[in-house]
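Novice: this is the structure alone, sequence omitted:
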């Protein structure tokens, strides 16, 4: 580790509370400094007023340098193999010269509020990849399987030069509309031989999917994966046409062997080519900004209300 890197790390060590100036964080982020990027994200996620003020200044200065990445949600039920899938696909992308940021959201305990934050241990190769950045964040009490500050974190990662952003959702059956409203491409990961294929997943999530990937299509599950592929391909024809004009696809893949990753990424590339040419990309980004604004207002109003002295005296249990 270089001297400069050590000094930057020490600024946020347990024994030091001194923050850098906002411009120093911005210059570091735009230069691809991952330590300063991580520290800036920590400021964004912090609830301390001084940190929030600093984070807002950093975000405002990074905003003009963001917005051109491919924002992709990857969701699926626990056990479907999301982390292994992301590591395999991420290794494929970075091997082709891409720069990938993975925003992995861990479920928080409803009792203690704690979170495992174990995605870096589940994505060993990707975490050590110098063209990838893995950032686990607790979901907290945010709905939709994403962290409260996922949007802001995406903007910082884009400003740091990452051209593809994966948002791995909790996938515990909550409304997935939250993540759908902040990404361009919605990838639903399923596994074969999980019972009645068409009854095992909510219709609403399937409707949002731009691509359904049947994972674990290897070994003894290969034939079941082919059956699931056929069933979902037929089911997709029953849904109304998407505003983007895109016709959703179904593929089989194996995160274990890497089979299907090239085809899967080619489909994603076709999707982005289409929406950039028909105007949907810009329209969707405009709507994402509107959603972000409204959610930010609601969050700030809620915070101001419950932190009002008179309200806290009347509602002590809050």
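Specialist: Perfect, I can see it now. Since the structure is predicted, the reported quantities are computational estimates derived from the model, not experimental observations. Numbering: from 1, shown residues only.

Novice: which positions within the longest helix anywhere in the chain qualify as buried?
Specialist: In the chain, with assignment by DSSP state H, the single longest helix is helix 280-306. Neighbour-count burial for helix 280-306, counted by 16 or more other Cβ atoms under 10 Å, picks out 280, 281, 284, 288, 292, 295. Bear in mind the C-beta positions are built from the backbone N, C-alpha and C, glycine included.

Novice: and that helix, how far out from the chain's middle?
Specialist: Distance, stretch centre to chain centre, for helix 280-306: 17 Å (Cα atoms, centre = their mean, to the nearest Å).

Novice: helix, strand or coil for residue 71?
Specialist: strand (DSSP: H, G, I helix; E, B strand; the rest coil).

Novice: again with residue 28
Specialist: helix.

Novice: nearest residue to it in space, please, no chain neighbours.
Specialist: Counting by Cβ to Cβ, 6 or more residues apart in numbering, residue 28 lies nearest to residue 36, which is 3.2 Å off, once chain neighbours are set aside.

Novice: go ahead and confirm residue 73 touches residue 169.
Specialist: Yes: Residue 73 lies in contact with residue 169 (Cβ atoms under 8 Å); the separation is 6.3 Å.

Novice: which helices and strands sit right next to the host helix or strand of residue 43?
Specialist: Here residue 43, judged by DSSP states H and E, is contained in helix 34-45. Counting contacts by 3 or more Cβ pairs under 8 Å, 6 or more residues apart in numbering; DSSP states H and E, helix 34-45 packs against helix 3-11, helix 22-30, helix 49-62, strand 132-138, helix 150-159.

Novice: pLDDT on it, on average?
Specialist: The average pLDDT within helix 34-45 is 94.

Novice: same question for stretch 150-168.
Specialist: 95.

Novice: cool, stretch 56-69 as well?
Specialist: The model assigns stretch 56-69 a mean pLDDT of 95.
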